[in-house]
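Visitor: need a structure here:
(chains A and B)
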Amino acid sequence: MSINISDVQKIASLARLAMTEQEAQTARTQLNNIFELIAQMQAVDTAGIQPMSHAQDVTQRLRLDGVTETNQRELFQQNAPQVERGLYLVPPAIE
Amino acid sequence: MPNSSPINFSLRQLSDALHTKKISSVELTHLYLERIAMLNPALNAYVTLNAEMSLAQARNADAMLAQNTSHALPKISNLMGIPFAQKDIFCAQGWRTTCGSKMLENFIAPYDAHVIQKFNEAGAVNLGKTNMDEFAMGSSNETSYFGAVKNPWNHNVVPGGSSGGSAAAVAARLCAAATGTDTGGSIRQPAALCGISGIKPTYGVVSRYGMIAFASSLDQAGPMARSAEDLAMMLNTMAGFDERDSTSLQHPTEDYLRDIDAPATGKPLSGLRIGLPKEFFADGLSEDVAQAVAAAITEYQKLGASVVDISLPNSKLSIPVYYVLAPAEASSNLSRFDGVRYGYRAKEYTDLADMYQKSRAQGFGAEVKRRIMIGTYVLSHGYYDAYYVQAQKIRRLIAQDFEAAFKQCDVIMGPTAPSTAFNLGEKGDDPVQMYLSDIYTIAVNLAGLPGMSIPAGFGKNNLPVGLQIIGNYFAEAQMLNVAHRYQQVTDWHTRMPQSVGVLK
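Guide: From the prediction side, this is the model:
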């Protein structure tokens, strides 16, 4: 299996990463090398093996559905690139 | 500098000196800040310093220590007043927290990570935030937006990564000890390459709350210090259940010093069975590292331990499995960086989608983008079963190898890294070569087991070699004791790079 340039552009678009033609070419070569390394997995017989998603097989704890945080909007928005009257500003998404 | 200098004190000695008022926390903090001012420009171990905030904590600690004049008073923490370096992956309120990325270059953390909170509650001093590979993705510290860290033993070689800044800071005596995080070896490999000690606990022992996420099912924080005894003291503070981390384990509180403090006999490790996985001593291991590790094993036999040959047949698959699972988790975790609520936003863009794409393209470095791309691909429609699910199945096979091995032995030992520190720039252009430097550490994260690295001598060019010790789940106290007994009869962990000793 080999990744072509349109695959790279599709992945970049899904990942929301702008990419120039030249960057895509470099990415293609590197991703193909990495997937060559990963391909070793395909030869392993894993029939009947349960996928392991976590190191400890524990069930997810649930917490009470209650308010635990206080409102710290101003503090949090100090890190925002652009705010106005307590709202995060982004370019118009709907015309 | 003579060994009587506080920079070579153990944490216990520092704690005693502080409690008996032989030194104040402010004096100690000044001492380290002066050393940092002189050595950090060349080493680049710290990315953020804030003397005012550090000294405010030191003054508070001195006030607490001054009140504690009688033993009748409630015992205050043995970390009180001791200056630590914090890996810049931990959010610390009011501190710039960058995770080694341009994306967070100007991010001031609005809250404390659990680990930071624990150190603060103990009265420890935060000396500053240490450099790291961007979002902890790297094995050399070269992917940091703030430039590579230099190895204190030789400025032409890497300190390892991703906790390279913490490792270099400990080795160069720019802090009493430091914190790190380990997703595929990021505590153990830099500890090995910089000649210090470090432990990655069992997954779930230390809360991940406020620790910027890379691969959530693998990330685990741990201490980095000169000795196993220091690590145990720090882990006593860092470990414990935290309801804010959904994978934090409800495990009974432990005293990680208990075995270290137990009286020792002539052969303190008699009965201990050390498993040596044949896969860790096969092709790819440098001769100098192999020799140092073999000498350490011989030393362990003198301490009463016996050696068992074991096999971890699936460990060779740990790199391919890791480079599916970790990027998959990373691509999801890093989708939060969109230039809206915090982090870098591109200066020019046409619309919302363009803003996302340009902000992420400009804010992330090459290695981070590469891993986001791998992760996005393996999770995408049509490839999920072939890559992601297959990797999760092999992950279980790798964990089962360890389960079988621990029926034959108590701890597993081997090299931490296949070679001593490599040259800066040596593997920079070839991601696959870089990935292979974590061959002995990654399987431990996949299984969720505790692993540590301790200094075990020097290889070619007088660069440090690390001995890796892998324990069963929750065996940290035992592992720390196993490391401590070795450090009682050897002095590798006390060696200091020449260039950082005498100042002025």
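
Visitor: only C-alpha atoms for contact and neighbour calcs from this point on.
Guide: Will do.

Visitor: ok, for B:Asn472, nearest residue in space, not its chain neighbours?
Guide: Setting aside the residues directly before and after it, B:Asn472 is nearest to B:Leu449 in space (CA to CA, 6 or more residues apart in numbering or on different chains), at 6.1 Å.

Visitor: Model confidence at that neighbour, what's the number?
Guide: For B:Leu449, the model assigns a pLDDT of 98.

Visitor: Longest helix of chain B, counting residues only.
Guide: helix B:25-43 (DSSP state H).

Visitor: which residue ends up closest to the midpoint of chain A in space?
Guide: A:Ala15 (6.6 Å; CA atoms, centre = their mean).

Visitor: Next, B:Ile196: phi, psi?
Guide: Main-chain dihedrals, B:Ile196, degrees, to the nearest 10: phi -130, psi -180.

Visitor: who are the neighbours in contact with the nearest residue to it once chain neighbours are set aside?
Guide: Nearest non-adjacent residue to B:Ile196, counting by CA to CA, 6+ apart: B:Arg226, 5.1 Å away. Neighbour list for B:Arg226: B:10, B:170-171, B:177, B:196-197, B:493-494 [criterion: CA atoms under 8 Å, 6 or more residues apart in numbering or on different chains].

Visitor: Against chain A, how distant is B:Arg226?
Guide: To chain A, B:Arg226 is 28 Å away according to CA to the nearest CA, to the nearest Å.

Visitor: circling back: among the contacts of B:Arg226, which ones are buried?
Guide: Neighbour counting by 16 or more other CA atoms under 10 Å in any protein chain shown classes B:10, B:170-171, B:177, B:196-197, B:493-494 among these as buried.

Visitor: what would those residues look like in JSON lines with secondary structure and pLDDT?
Guide: As requested, the buried ones among the contacts of B:Arg226 are arranged in JSON lines below (DSSP: H, G, I helix; E, B strand; the rest coil; pLDDT from 0 to 100):
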{"residue": "B:Ser10", "secondary structure": "coil", "pLDDT": "97"}
{"residue": "B:Val170", "secondary structure": "helix", "pLDDT": "98"}
{"residue": "B:Ala171", "secondary structure": "helix", "pLDDT": "98"}
{"residue": "B:Ala177", "secondary structure": "strand", "pLDDT": "98"}
{"residue": "B:Ile196", "secondary structure": "coil", "pLDDT": "98"}
{"residue": "B:Ser197", "secondary structure": "strand", "pLDDT": "98"}
{"residue": "B:His493", "secondary structure": "helix", "pLDDT": "98"}
{"residue": "B:Thr494", "secondary structure": "helix", "pLDDT": "97"}
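
Visitor: what's residue 55 in contact with, if anything?
Guide: In the absence of a named chain, this looks at chain A. For A:Ala55, the contact set (CA under 8 Å, 6+ apart) comprises B:203, B:217-218, B:446-449.

Visitor: other chain: chain B
Guide: The contact partners of B:Leu55, by CA under 8 Å, 6+ apart, come to B:26, B:29-30, B:125.

Visitor: restrict the residues you listed to those near chain A?
Guide: When CA under 8 Å from any CA of the partner chain is applied, no member of the contacts of B:Leu55 is adjacent to chain A.

Visitor: Just flag the most distant two among those residues.
Guide: B:His30 and B:Val125 (11.3 Å; CA to CA).

Visitor: between these two, who's got more neighbours?
Guide: B:Val125 (29 against 18; other CA atoms under 10 Å in any protein chain shown).

Visitor: Please export the C-alpha coordinates of the strand or helix carrying B:Gln392 as PDB.
Guide: When elements are defined using DSSP states H and E, B:Gln392 is found to belong to helix B:390-405. Provided in PDB are the C-alpha atoms of helix B:390-405 (Å, rounded to 0.1, in the frame of the first residue of the first chain):
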ATOM      1  CA  GLN B 390      -5.500  -4.300  14.800                       C
ATOM      2  CA  ALA B 391      -3.100  -2.200  16.800                       C
ATOM      3  CA  GLN B 392      -5.300  -2.400  19.900                       C
ATOM      4  CA  LYS B 393      -5.400  -6.200  19.500                       C
ATOM      5  CA  ILE B 394      -1.600  -6.500  19.300                       C
ATOM      6  CA  ARG B 395      -1.400  -4.100  22.300                       C
ATOM      7  CA  ARG B 396      -3.200  -6.900  24.300                       C
ATOM      8  CA  LEU B 397      -0.700  -9.500  23.000                       C
ATOM      9  CA  ILE B 398       2.200  -7.200  24.200                       C
ATOM     10  CA  ALA B 399       0.600  -6.800  27.600                       C
ATOM     11  CA  GLN B 400       0.000 -10.600  27.800                       C
ATOM     12  CA  ASP B 401       3.800 -11.200  27.200                       C
ATOM     13  CA  PHE B 402       4.500  -9.200  30.300                       C
ATOM     14  CA  GLU B 403       1.800 -11.100  32.300                       C
ATOM     15  CA  ALA B 404       3.500 -14.400  31.400                       C
ATOM     16  CA  ALA B 405       7.000 -13.000  32.100                       C
END
